[in-house]
Each structure stands twice: as C-alpha cells, then as structure tokens.
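In: Here is my input, please return the structure:
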Amino acid sequence: MEKSLNTKNAFIVFSFTTSLFTLILSMVWEHLRDPVLSWITSRLPEAVPQQTVEALIVAPAVIIIPLTHVIGSVRYTHQKWISKPLQGGLTHIILQAVTWSLYSIALIVLGIAVFWRPGIFGLLSSAALLGLFAQGLMVTSILTFERDSDSKMRNRYNSDSELEDDANDEYDTSKMKVVTADAWAQSPVKRKRRSSAYVEHKQRKRKRDLLLWALMNYGLLQTPYFLHWFYKTVVYTCVDCVSGDKSIRDIPAFFTLIATLGIPFFTHGIGGILFHGRKWSFHHPFAGGGIHVMSQAAGWTLVGLAALMQLANIVFGTSFDFLLHSGNVLGWVAEGLLLYSLLNFKEGAGGVTVEDIGGGKHRNALEFAFSIGQDMFMTNMHWCFVLWFASAPFGFNLFSLNPMENLFKVTALEGGLNFLLVLFLCTLPSLFFPYSAARKPLDWKHPVSCLVKLAEVILVSPFGLFRDSKIVFEEDEEVYKKSSCMFAIAPHGTLPLSVWALWHQRCDIFDSVCLFFGSQVGIVPGYRLWTGARGGCMTITKKNLISVMKTDNNVALVPGGVSEMMKCEPHGKNINVSIKHKGFVRIAIQEGFDLVPILMLHENDMYNNPLRDFQLWCYKRFKVPVGLPYYTNKWFLPMSNQKPLRVVVGKRIKVKKQENPTEEQVEATHRLFYEEVVRCWGKWKKPMGYEERE
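Out: Have a look, this model is predicted:
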C-alpha cells in the first residue's frame with residue numbers, strides 16, 4: 001500500500017512539473033522565436049512552419065490534463081468509467097467543472113496563438129499558464145473524490161471513525177430482524193478496531209498529502225510572479241519591437257494579483273474540505289481554536305495588504321516595482337499562515353474542557369514571546385492614551401506619517417487645537433458605542449464588534465498568557481445558564497483583567513451575562529471602546545443594575561470594590577476578601593436573583609502595586625485611592641506576574657424574593673454567601689496550588 005501511495009504522489013508531482021516546464025518553455029520560445037526558427041530552417045531542407053513548433057511546445061500541457069484525469073479516475077478513485085457526471089461529491093464536481101472550463105479556454109487561446117494570430121506576444125504563455133492552473137485543479141479534484149454520496153472524506157484521516165458496515169454491501173433481507181425506529185436509534189454502532197500501525201500510516205499519509213498540497217499551492221502562487229519578473233527583466237525590450245503595445249506589460253502583473261487573491265481562497269476553502277471534511281465550513285468566524293483564529297486573522301490581513309501593494313504597482317507603473325516584490329513576500333507569508341491554520345483547526349473549539357483549558361503549563365518559545373506582547377498591551381494600554389493627551393499640545397500628531405515631525409515646533413494655538421481634536425476623538429466611543437446589557441451580535445452590521453471579538457481571541461484565548469487555565473464548576477453547567485442569577489466575583493485583585501479571559505474562555509456560559517465594572521474604567525478611551533463595542537458590559541450603579549435585573553438577564557459584579565483592591569497583598573500569606581458590602585445581597589433579595597460566588601484564586605497575585613501604600617493612605621483619609629495607575633510584576637517591570645487562571649464557580653444559592661427584606665434576612669443571606677466562598681476556598685486551594693495560603 002505504501003508503494004501505491006508513493007506511485008500516486010510521484011505521478012501527481014510529475015504531471016504538475018510537466019505543466020510548469022511547458023510554461024517556462026513557452027516563455028523562452030516567445031522571447032527567442034525568430035532566432036530559433038532561423039536556426040531550424042537553416043539546418044533543414046524544408047522550412048518548418050511556426051505553428052508546428054508552437055504546437056509541439058504546448059502539446060505536453062494539452063495532453064497531461066486528460067491523462068491525469070484518466071489515470072486518476074481509473075487507478076486512484078477506483079472507478080470503472082472515466083466519465084462520471086455529477087458523482088464524487090460537491091467539491092469534486094465543482095473542481096472538475098472549473099478544470100475543464102480552464103482547459104477549454106486554454107485550448108481556445110492556444111488555437112488563436114497557433115492558427116489564427118501567430119506571433120502575438122504573450123498568447124502562448126497565457127495558454128500554458130491556464131494549463132498549469134487547470135492541472136492543479138485536476139490534481140485537487142482527484143484528491144477530493146468521494147466514492148459514495150455520503151461523503152467519506154470526513155474519514156480520510158480519522159482512523160477511529162470508519163464504520164464496520166459498508167453501505168454498498170448486499171444483505172439477505174429474508175434474515176433481517178425487524179426492529180422499531182427507537183430501538184434502532186439506541187443500538188450501538190460497531191466500529192472496527194484499528195492497530196497503531198494503521199493510525200501511524202494515516203498520520204504519515206496526512207503529512208505527505210499536506211506537504212504536496214502546500215508545494216502545489218506555492219507553485220501556483222509564485223508562477224505568475226516569476227512570469228512577471230521574467231517579462232520585466234528579459235522580455236520588455238522585445239515587447240516594444242514585437243507588439244508596439246506597452247499595455248501588454250500589465251497582463252503578467254494582473255495575473256500576479258489574481259493569484260495573490262485566488263490561491264488563499266483556494267487554500268482555505270478547498271484545503272479545509274480536503275483535510276477536515278464536513279467539519280469544515282468556509283465561513284466559521286472565531287471558531288476552530290485560538291491558534292487557528294489568530295493564524296487566519298493574520299493570514300487574511302497579509303493577503304489584503306499584498307493585494308493592495310500589487311494593485312498599486314499596476315496603477316502607478318514600473319517605478320513602484322518594490323510594491324510588487326513586497327506584495328509577493330507578504331503573499332508567501334500569508335499562504336504559510338493559512339496552511340498553518342489548517343493544521344491547527346479544532347472542531348467545536350468553544351466546547352473546551354471545564355477543568356483544564358489550554359493544554360498544559362509549559363509554553364514554547366513562540367507562546368512565551370506572544371504572552372509578553374499580550375501582557376504589555378493589556379497592562380499598559382491606559383498609558384498610551386495618557387502619553388497621547390500629554391504630547392498633543394506640543395505637536396505630536398498620531399495620524400501623520402512622521403508623528404514626531406512637529407513636536408515642540410507648534411504655537412500655543414496649534415497645540416490647543418490639536419489637544420481639542422484628540423479630546424474629541426476620545427469621546428467618540430461614548431457617542432457611537434453606548435453600553436448595553438446584551439452582547440452585540442457578530443455580523444456585518446457591527447464591524448467594530450467583530451474587531452473586538454478578534455481582539456479577545458488574540459489577547460485572552462488559551463494561548464500564550466492564559467494557556468494553563470483551570471476552571472471548576474461545582475454544579476452542572478446548565479444550572480448557571482438559567483436566568484435570574486447574580487455572579488459575585490472575589491477577590492478584586494489589583495487589576496482584574498483576567499475576568500475577560502474567564503468570560504471569553506467560557507463564553508458558552510458568560511456571553512449572556514452582563515458584567516458590571518467601576519466607572520473609572522470608562523475614562524480610558526481604549527477600555528471604553530472595548531466595553532461599548534463588545535456589549536454585555538455596564539458601569540456599576542444601583543439604577544443600571546436593577547434595570548438589567550428587571551429583564552431577568554444574568555448579571556456579574558465584583559462586590560469587594562476599591563476596599564478589596566487596597567487590601568490586596570500579592571504573594572502574601574493571606575488572600576483578603578472584603579465582606580463589608582451588603583448592597584448587592586439586598587438587591588438580589590429584592591429582585592429574586594440567586595447568588596453564585598466566583599472565586600478567582602490567582603487574582604491576588606497577578607499584579608504588584610508599587611504605589612499601594614500611598615494609595616491606601618489617601619483612601620483612608622479621603623476615601624479616594626489617589627495615585628498613578630502603575631502596575632508591575634514582582635521585578636517592577638510594567639507587566640503582570642503571568643499567573644494562570646485558577647477559578648472556582650461555587651454552588652447556586654437560592655434566594656427567595658422579598659421586596660422589602662429585613663436586616664436579618666439580608667445578614668443571613670450575606671453570611672450564607674461568604675460561607676460558600678470559604679467552603680470553595682477550603683476545598684479547592686490545594687488542588688489549585690494554593691494550599692499554603694490563608
């Protein structure tokens with residue numbers, strides 16, 4: 001069987017190489033047509049027609065496509081008939097239709113170049129280029145052929161998903177036992193047991209096919225670029241003398257642009273179906289796992305930039321050749337990222353395990369470097385706006401290609417106007433993105449919400465900074481999805497940014513929960529844009545909280561507030577939880593909302609606060625924690641201590657609705673809530689690695 005696979009791959013490589021060689025030969029022929037014809041004529045008794053030579057040059061590309069179809073159909077798809085209309089699955093049918101369409105166009109162009117208008121520069125190469133693309137599609141159609149209408153492509157690389165009973169087997173109906181539909185539905189499906197050698201063979205086959213797929217796509221992606229490079233460096237002087245039309249120079253550049261846009265779509269759409277079967281859909285926003293989503297986002301961004309550069313090269317002419325080369329390099333990188341995303345696609349990425357998210361505590365070098373970037377951005381985003389405000393009056397212009405050009409060179413009036421412009425821009429999030437209790441939908445009507453979701457995937461997914469997350473639910477998860485529930489988070493910590501990681505990594509539970517936070521968060525324009533465009537977030541006021549609870553929407557808050565933040569002692573023996581606030585308990589009783597404690601064991605150690613003593617002194621004297629928002633790790637670097645998420649979601653405490661609860665009722669419920677917090681702490685501090693803390 002291994003020999004058969006090697007023969008198959010060798011034939012595919014040979015056929016693809018033949019088409020590529022034909023393209024190169026046709027390009028050389030068009031450049032050296034007259035000297036070669038003169039040389040041949042001088043050595044033969046009779047003149048050789050030009051049409052004969054050109055037909056012989058392109059003949060391999062014309063023959064290899066039907067030959068690939070015949071051999072692939074009979075030998076590798078195991079079909080008795082070469083013609084199999086509307087068979088082989090939707091992907092195979094579409095690829096076959098496109099292949100034969102391109103092949104027909106190539107034959108028409110070849111006929112024009114050989115018989116009707118011989119000598120027109122570029123026609124022969126264009127026919128060979130179309131043949132190369134048709135050959136790539138033909139090879140892909142063979143790989144995606146499905147033997148039955150039930151699409152066994154989903155089992156191509158999965159060794160444990162092949163059913164023992166084949167749909168094409170013949171059965172003796174006289175011996176069949178009649179069963180009810182319910183009994184049949186409940187009967188177990190028998191599966192074949194596969195050996196480790198079989199599984200290893202499947203994995204080798206997948207790697208081999210993926211490598212072949214990558215080489216073929218890179219060849220298709222780079223062929224128009226090299227064709228364009230050949231025209232620019234070798235043939236241009238000949239173009240003017242042969243055709244007298246300089247506009248023909250743009251044809252190869254246009255082919256390059258089409259390949260830069262088309263090949264990534266080909267890789268994404270057809271490659272996904274080829275290697276993941278029915279689990280793959282062309283449009284699956286924010287699904288497939290954090291690595292897959294980030295690779296896709298980076299890849300498509302680079303595809304767009306590459307296409308813009310190559311389009312600019314066509315528009316502005318040969319004086320901007322650096323745009324063509326830069327776009328080609330970006331196209332290479334983008335194709336690699338899209339291929340990497342295919343490798344890391346995970347079906348149902350939202351359904352991660354409850355207790356262990358992210359795949360272990362050890363990070364490789366890439367994840368470590370990525371975590372530093374995540375950490376620095378999340379910790380210091382507010383300082384970016386502080387510096388922007390401070391430098392605007394002195395001439396700093398963020399929207400200039402050289403923002404520092406006029407620094408300290410502007411008049412007082414110009415500096416004042418620049419500051420007012422920055423101030424106006426920072427108020428736009430409040431004007432266009434009001435707070436809302438519900439998460440805003442991810443669709444074309446809310447493009448900024450989609451960008452915020454992408455930022456969530458990049459910053460707080462279980463990759464890099466939040467890789468080794470452990471989240472425990474004391475009850476069945478469906479209990480927490482029921483309405484009329486108030487989640488109370490403790491402790492507050494110095495800077496509770498990891499709440500966003502919890503909300504994102506368990507979005508199946510918390511996406512429908514309205515998160516309340518302090519009004520000071522909205523002062524920072526970046527945070528204000530994030531929370532407003534995202535939705536499901538509101539500032540904590542009694543009026544806002546009650547208005548959301550009236551709709552039976554689940555809510556979440558941090559009852560400890562500033563007092564709990566001031567008592568935070570990172571790496572200390574005690575983890576302090578403030579129990580003085582009872583207002584949230586009173587409101588929960590009045591609205592009939594059950595209470596659920598969320599214990600964030602890691603939060604106390606996430607950040608150090610070098611100015612804590614001064615802020616605590618101000619808070620005791622003036623009830624305001626005056627001071628700079630400067631948060632560091634234990635080495636005083638402007639980043640967190642990178643503690644992994646350790647979260648326990650406690651049991652749901654039933655609360656009976658009372659419009660006018662007594663102080664005794666409030667006190668009893670308040671005590672019950674914090675007893676549940678203490679119970680969760682005592683039960684889980686050792687499994688979570690905090691057994692030495694109190």
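In: need the helix or strand of the protein with the lowest average pLDDT.
Out: helix 181-186 (a mean of 42; mean pLDDT, DSSP states H and E).
In: Chain neighbours aside, what residue packs nearest to N641?
Out: Of all residues not flanking N641 in the chain, N633 sits nearest, at 4.7 Å (Cβ to Cβ, 6 or more residues apart in numbering). (C-beta placed from N, C-alpha, C; glycine too.)
In: How about the contacts made by that neighbour?
Out: By Cβ atoms under 8 Å, 6 or more residues apart in numbering, N633 lies in contact with 607-608, 639-642.
In: so can I have JSON lines of those showing neighbour count, secondary structure and pLDDT?
Out: Formatted as JSON lines, the contacts of N633 follow (neighbours: other Cβ atoms under 10 Å; DSSP: H, G, I helix; E, B strand; the rest coil; pLDDT from 0 to 100):
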{"residue": "Y607", "neighbour count": "23", "secondary structure": "coil", "pLDDT": "92"}
{"residue": "N608", "neighbour count": "21", "secondary structure": "strand", "pLDDT": "89"}
{"residue": "M639", "neighbour count": "20", "secondary structure": "coil", "pLDDT": "89"}
{"residue": "S640", "neighbour count": "24", "secondary structure": "coil", "pLDDT": "91"}
{"residue": "N641", "neighbour count": "17", "secondary structure": "coil", "pLDDT": "90"}
{"residue": "Q642", "neighbour count": "18", "secondary structure": "coil", "pLDDT": "89"}
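In: What separation do you get for the residue nearest to N641 and L459?
Out: 18 Å (Cβ to Cβ, to the nearest Å).
In: now do A312
Out: Noted for A312: a distance of 32 Å to L459, by Cβ to Cβ.
In: Which one of the two is surrounded by more residues?
Out: Just comparing A312 and L459: by other Cβ atoms under 10 Å the higher neighbour count belongs to L459, 20 against 14.
In: if I pick the more buried one, what's in contact with it?
Out: 374, 377-378, 465, 500.
In: switch to 6 Å and redo it
Out: Q374 (Cβ atoms under 6 Å, 6 or more residues apart in numbering).
In: before we move on, what about F466?
Out: 460, 501, 645.
In: pLDDT score for the second one?
Out: Among the per-residue scores, A501 holds a pLDDT of 90.
In: Can you verify my assumption that it contacts I458?
Out: No - between A501 and I458 there is no contact under Cβ atoms under 6 Å: 12.0 Å.
In: which of the two has more neighbours?
Out: Here A501 and I458 are compared on neighbour count by other Cβ under 10 Å; more neighbours surround A501, at 23 against 19.
In: Give me the pLDDT for E347.
Out: pLDDT, read off for E347, is 67.
In: what about the nearest residue to G290 once chain neighbours are set aside, neighbour count?
Out: Distances taken as Cβ to Cβ, 6+ apart place S461 nearest to G290, at 3.3 Å, with adjacent residues excluded. As a burial measure, S461 scores 25 neighbours (other Cβ under 10 Å).
In: Likewise for F389?
Out: F389 has 15 neighbouring residues, counting by other Cβ under 10 Å.
In: Also D594?
Out: Residues near D594, counting by other Cβ under 10 Å: 20.
In: Please apply the same query to L420.
Out: Applying other Cβ under 10 Å, I find that L420 has 12 neighbouring residues.
In: That one falls within a strand, correct?
Out: No - counting by DSSP: H, G, I helix; E, B strand; the rest coil, L420 is not part of a strand but helix.
In: Which residues are in contact with it?
Out: Going by Cβ under 6 Å, 6+ apart, L420 touches no other residue.
In: pLDDT score for it?
Out: In this model, L420 carries a pLDDT of 92.
In: Then L308?
Out: So L308 comes in at 88 (pLDDT).
In: ditto for I12
Out: Per-residue confidence (pLDDT) for I12: 61.
In: doesn't I489 fall inside a strand?
Out: Yes - counting by three-state DSSP, I489 is found in a strand.
In: which residues touch A437?
Out: 514, 548, 553.
In: Just after the strand or helix carrying I65, pick out the following helix or strand.
Out: Assigned by DSSP states H and E, I65 belongs to helix 50-71. Where DSSP H and E defines the elements, the next helix or strand beyond helix 50-71 is helix 90-111.
In: Which positions in that next one come out as buried?
Out: 91-93, 95-96, 98-100, 102-103, 105-107, 109-110 (16 or more other Cβ atoms under 10 Å).
In: Return the closest of those residues with respect to R363.
Out: Nearest to R363, judged by Cβ to Cβ, of these is T91 at 37.2 Å.
In: Show the model's pLDDT score for the residue lying closest to G415 once chain neighbours are set aside.
Out: Distance criterion Cβ to Cβ, 6+ apart; nearest residue to G415, sequence neighbours excluded, is P393 at 3.9 Å. For P393, the pLDDT comes out at 91.
In: again with the one 5 residues further on
Out: Here, the pLDDT recorded for L398 equals 84.
In: how close does it get to A438?
Out: Where A438 is concerned, L398 sits at a distance of 33 Å (Cβ to Cβ).
In: One more: V521?
Out: As judged by Cβ to Cβ, V521 and A438 stand 19 Å apart.
In: same thing with L215?
Out: Counting by Cβ to Cβ, the gap from L215 to A438 is 48 Å.
In: Can you tell me which of the buried residues of helix 90-111 is nearest T541?
Out: Closest to T541 out of those is T91 (54.7 Å), distances taken as Cβ to Cβ.
In: Need the three-state assignment for P570.
Out: Classification of P570 using three-state DSSP returns coil.
In: Distance of it relative to S141?
Out: Per Cβ to Cβ, P570 is found 60 Å from S141.
In: And Q520, by the same measure?
Out: Distance from Q520 to S141, by Cβ to Cβ: 60 Å.
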